[in-house]
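**Student:** Got a sequence here, can you model it:
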Amino acid sequence: MRKIESQMNRAIRTKSDWSSSNTQVSYNDFTNCSEVRLHGHQIATFDHSTQALKISSCGWQTVTTKSRLNAILSEVKYGCRVFQKAFDWYLSTNNQTVDFWDGMILMDANPVQIA
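**Tutor:** Numbering: from 1, shown residues only. Prediction:
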């Protein structure tokens with residue numbers, strides 16, 4: 001994991017505001033959510049109360065977007081990851097692989113539920 005991604009994850013974990021280069025984390029005390037932005041696009045929202053994670057490529061399915069999303073997933077949804085095969089993106093959980101779509105929500109359950 002890149003240093004910037006470790007710092008991003010620390011900001012999510014500690015409910016802090018943080019920014020470096022092209023990545024920003026903003027914590028909203030009112031909603032108890034952390035938002036992650038890459039180049040100004042909101043690629044993830046983590047609800048600290050429900051442990052739900054909303055992820056999106058914002059239409060930019062790049063190596064950097066995938067790397068940031070996978071770093072976040074490793075922090076809050078262990079066992080989940082985004083990967084690419086033949087130009088298409090997928091989400092893999094501990095027991096299933098599904099097509100990736102912008103705005104998918106991963107909810108805490110055993111196994112992880114996708115909405």
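
**Student:** Let me know the pLDDT of Ser6.
**Tutor:** Listed pLDDT for Ser6 reads 97.

**Student:** For Leu73, see how far away the most far-flung residue of the chain relative to its centre is.
**Tutor:** Distance to the chain centre peaks in the chain at Ala86, reaching 22.1 Å (criterion: CA atoms, centre = their mean). Remark: distance between Ala86 and Leu73 (CB to CB, to the nearest Å) = 21 Å. Any C-beta I mention is one placed from the backbone N, CA and C, and that applies to glycine too.

**Student:** And Met104, by the same measure?
**Tutor:** Met104 is 11 Å from Leu73, by CB to CB.

**Student:** Mind naming the longest helix for this protein?
**Tutor:** helix 63-76 (DSSP state H).

**Student:** Going by neighbour count, list what's buried in that helix.
**Tutor:** Of the residues in helix 63-76, Thr65, Lys66, Ser67, Arg68, Leu69, Asn70, Ala71, Ile72, Leu73, Glu75, Val76 count as buried by neighbour count, 16 or more other CB atoms under 10 Å.
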